[in-house]
Structure formats: structure tokens, C-alpha cells
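*Asks:* no sequence on this one, just coordinates:
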């Protein structure tokens, strides 16, 4: 794993962490915003129920007063319906206030005040039913107007406190929203920065790789040029070797021809010729020697020359060394030495033998013995 | 021929489904009170309260366990439905002229309120179960659920006994 790859991996790991954090933060904020919205809806609903309850109470009392004046049953029905609505709104307000002690006590206070108004209405209706108009007049004149003012004041106080709570909540949410927005901006900025860094790394790496590729291409070209040059040299050398090879073949053929001619000459010579080794064993004979001895070459080869050619020994005794041996040892030719050729019937013939040492550089490796009849 | 309450009450095999099908041609008109069955059936015009209360009034004597439910919605008029326990579904006036006139729901007040609110693309704040009588036009709340409260404190589904109403002035 190269350095750039590790760096990009690190950048992307940070990027992924940042994005996951942003997602978690966003989900948390959404959940919090949802809870907050529910709380706001709840508080507005509470205010609406309180207002509706007080309004329903006022409508009920208005309808009652109208009924007492006009005796119109519709007014009575409206009063009854308005008290029914009042009851419904108070129940709703109680339910909405159940989770907060202060609201609960506010609703209880309001309910008590409204029940007092319902009791007054009930007493007025009872007086109306009995036809006691004096009692109705007395009850109406004794009705404490401050009670109605107190009810309106209580309504305003409850609503005002909840509006204050809404305002506080709104401020908190506003600040929280700002913080969230800033956090998201920072996150987005960080993401962008990291993307820029990673793109810079990638660009730099690509540039470096392109440079390396160009260098490699140049190196390849140089190498190819060298290979072409060397190939050309090898071709030239090969051509030269082929020519030399042809020349040496021609030379070998010439030597072979020469050898064949020489062999033909030796084969056709009338004088017996024997080639011996350094140990004076026969290695080759010509047909004249075969005729002389009466044996074919295979029977003669590897036999000692002394078996077939007996040199005359000097009587003085100095010639105890074989003249052939002496000739080879001294590397000097032996010419026309008296000898006898012994054939296969042990018949002897006087001959003159000559030996010419064969040399390989300065070393004697054998010799050529020629025989000719002595007169 | 206009439908009558006698006709509805006189059908022994009337089911909630059949009941709901009879209102497909009714119009919506908001009233600030619950109309009498005669008025509602004659004018073929009414609101969710009229429909739910009539369903409760007609189906209950036929042996169905019905529950009247009021859902308080944000920025909207409260919505009433009639839940039929045997069907595990509620009758909603808004669904009177679509194929599925009854909407299946869990019997809990909270679940019903949530489902109704979703059908209206609104948030709900509280829901109430109530009894209604055409005689005194009075709704008596028997169970309450507030959205922001812990669901574990919700009342169990079913009918609770109505409490004495201190605002009963007649």
C-alpha cells in the first residue's frame, strides 16, 4: 500500500466519520424538533381549550340571560349546548394539563370558577322554572361582577403564562437551530476541505505517476535502441561466423581430399609401408606389406613390428638397442638398414628398412617404416 | 327516496359496512352542534359528528360494540369517528364515498388518533372517547389520551363509566 493510498484512505475515513456524525446529528435534531413541535402543538391546544372553555361559559351565560328575558326555548337549548361545550373543553384542558403541576392547578382553579358560574345558572333556571321572578332579579343583582372579571383575569393569566412558555421554548429552539446550523456548516466545510485535500493528493499522485510513466517510456525507448544496436551487431557477427564456417568447411574438405589422395598414393605404392606407434606396434599397413607378409591388415594391427621385420644386429654388440627404437628415441631417420621380412610361413626375405619418425610438434609419436628389397 | 332513522333501525341485518355504504351520496357541511338523525338523513348533509353519532346510535342496539372517538388536530376542527370493535375498524365520514369505507385500526385510542391524523395529513394533540345522547345533545367524555404523555399511562381500550358532569345545566 503506497503512501498516497494510505493518505487518501485516511482522508476518506475522516470524511465518512464526519458524514456519519452529521447524519446522527441531523436525525437527533429531527427527533428533537419533532418533540418540540409536539410540545408547541400541545401548548397551543391547551391555550385554545382554555380560551374556548371561557368563551363557551360566556356564551352559556348570555344565552341564559336571553332565555330569562325572552323565555325562548332556543336560547335555553343554546345555553345547554354551550355548557356542554364548556364541559368538553375543560375535560380537554385537564387532560392536556395532566403532565404539569402548575397547569393542572390553573385548570382546577378555572374549573372551580366556571362551576360556580354553572351553579348560579342552575339556581336561576330553578327560579325561572318555579316562576319566582323576584328571586331571579335578586340573584342577578347579587351576582358579583368581580367574579366574572376574576374569571377573565384568570383566563388571561393562564394564557399569558403559556405564551411566555412558548416564547421561552421558541428562544431555546432558535438558539439550538443556530447551533445546529453552524455545526452542519462546519461539517459541510470540513467535508469540502477534506475532499479538496484528497483531490489534491490524487492530482499530485497522478502527476507523479505520469512523470514516472514518461521516464519509464524514455528508458524503454533507450533500451529498445540498445537492443536494436546489439541485434545488429549479433547479425553482423553471425554473418561473419557463417562465412568463417564456410571457409573452414572448404578447408576441411580440401584436407580430406588431400588425405584421400595420400591414402591412394600409399595404397598404390609397390613398396611395403608400415605405420608404427611409439612402442613400435603396427597401427597401419599398406597392401604391399600385406602381400609381403601374407596377412591382412586386421591380423597385423597392434602386433609388434619386430614380429614381421627383423633388423640385422651389429656384431660388435653396441647395437643391442633396437635401431627402430633408437631412431624414434633420437628422433632421427633410419635409412636402409638391413632387415628380414618374416611372412606368415616364417619364410625370411632380405630387405632394407627405413624409419621416419612421426612428430606431433616436438614430440615423437610414432614412425613410418618403408621396406624395399635388398639386392 | 330519502332514508329515515326508522328504516335504519328496522334493518335487523344492518352491519357497519352496509351502514357506511348508505352515505356515499351525502355532502359535507360543518355544524356547530350534532344534528338530529332526521335532519341529517333528510338533508343528506352533515359532518363527522353527525355520521359517527348516528352510527353509534344505530349499530349499538344491533349488538355491535361501538366507541365514539374525538381527535383534536392541530389547526383543524376536531374530527370524530365511530370505532366498531367487532370489525377492528372505524367509520369515518371522510371515507363514506370511497371503496374502503371502514379503516382498520388497533383498538387503542392512541393508535386510532394517529391513524385518523395521518389520513388528514395533520398532527393530533389529544383524543377522547365519549358517549352521546340525542336527548340532551351532550357529549360525556369517558377516556382521554394526550399525545405528549407516556403511552403507558393511556387508558385501556373499551368503555369507561362516564363521570358526573358539574356543568350539566338543564
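*Replies:* Done, it's in. Please read these numbers as outputs of a predicted model, since none were measured by experiment.
*Asks:* Show me what the host helix or strand of residue A:141 is in contact with.
*Replies:* Residue A:141 belongs to helix A:133-142 when assigned by DSSP states H and E. Contact with helix A:133-142 is made by A:68, A:120, A:123, A:124, A:127, A:128, as judged by C-beta atoms under 8 Å, 6 or more residues apart in numbering or on different chains. Heads up, the C-betas are built off the backbone N, CA and C, glycines and all.
*Asks:* which residue packs closest to the fifth one, ignoring adjacent ones?
*Replies:* By that I understand residue A:127. residue A:135 (4.1 Å; C-beta to C-beta, 6 or more residues apart in numbering or on different chains).
*Asks:* what's the pLDDT at the one you found?
*Replies:* pLDDT, residue A:135: 91.
*Asks:* Check the one 5 residues further on too.
*Replies:* Here the pLDDT value assigned to residue A:140 is 89.
*Asks:* Please apply the same query to the one 5 residues further on.
*Replies:* The predicted local confidence for residue A:145 comes out at a pLDDT of 82.
*Asks:* How many neighbouring residues does it have?
*Replies:* For residue A:145, the tally of surrounding residues (other C-beta atoms under 10 Å in any protein chain shown) stands at 7.
*Asks:* isn't there a strand covering residue A:356?
*Replies:* Yes: counting by DSSP: H, G, I helix; E, B strand; the rest coil, one finds residue A:356 located in a strand.
*Asks:* quick one on the thing from earlier: would you reformat the contacts of helix A:133-142 as JSON lines and include neighbour count, pLDDT and distance to residue A:6?
*Replies:* Below are the contacts of helix A:133-142 laid out as JSON lines (neighbours: other C-beta atoms under 10 Å in any protein chain shown; pLDDT from 0 to 100; distance: C-beta to C-beta, whole Å):
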{"residue": "A:68", "neighbour count": "21", "pLDDT": "93", "distance to residue A:6": "92"}
{"residue": "A:120", "neighbour count": "19", "pLDDT": "93", "distance to residue A:6": "86"}
{"residue": "A:123", "neighbour count": "13", "pLDDT": "94", "distance to residue A:6": "90"}
{"residue": "A:124", "neighbour count": "21", "pLDDT": "94", "distance to residue A:6": "90"}
{"residue": "A:127", "neighbour count": "19", "pLDDT": "93", "distance to residue A:6": "95"}
{"residue": "A:128", "neighbour count": "17", "pLDDT": "93", "distance to residue A:6": "94"}
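*Asks:* Now render these as CSV, adding secondary structure and distance to residue A:54.
*Replies:* Formatted as CSV, the contacts of helix A:133-142 follow (DSSP: H, G, I helix; E, B strand; the rest coil; distance: C-beta to C-beta, whole Å):
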residue, secondary structure, distance to residue A:54
A:68, helix, 21
A:120, helix, 15
A:123, helix, 21
A:124, helix, 19
A:127, helix, 25
A:128, helix, 24
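*Asks:* Make CSV from the residues you listed and add distance to residue A:171 to it.
*Replies:* Compiled in CSV, the contacts of helix A:133-142 are given as follows (distance: C-beta to C-beta, whole Å):
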residue, distance to residue A:171
A:68, 49
A:120, 42
A:123, 47
A:124, 47
A:127, 52
A:128, 52
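*Asks:* In chain B, mark out all the strands, start to finish.
*Replies:* Applying DSSP state E to chain B gives strands spanning B:27-28, B:45-46, B:66-73, B:79-84, B:89-91, B:102-104, B:124-133, B:138-146.
*Asks:* most tightly surrounded among those?
*Replies:* Of the strands of chain B, the one with the most neighbours on average (mean count of other C-beta atoms under 10 Å in any protein chain shown) is strand B:79-84, at a mean of 27.
*Asks:* Could you list every helix and strand that that strand packs against?
*Replies:* Secondary-structure packing of strand B:79-84 (3 or more C-beta pairs under 8 Å, 6 or more residues apart in numbering or on different chains; DSSP states H and E): helix B:48-59, strand B:66-73, strand B:89-91, helix B:109-119.
*Asks:* Residues of chain B that sit close to chain A?
*Replies:* B:33, B:72, B:74, B:123, B:125-126, B:128, B:136-139, B:141, B:144-149, B:165-170 (C-beta under 8 Å from any C-beta of the partner chain).
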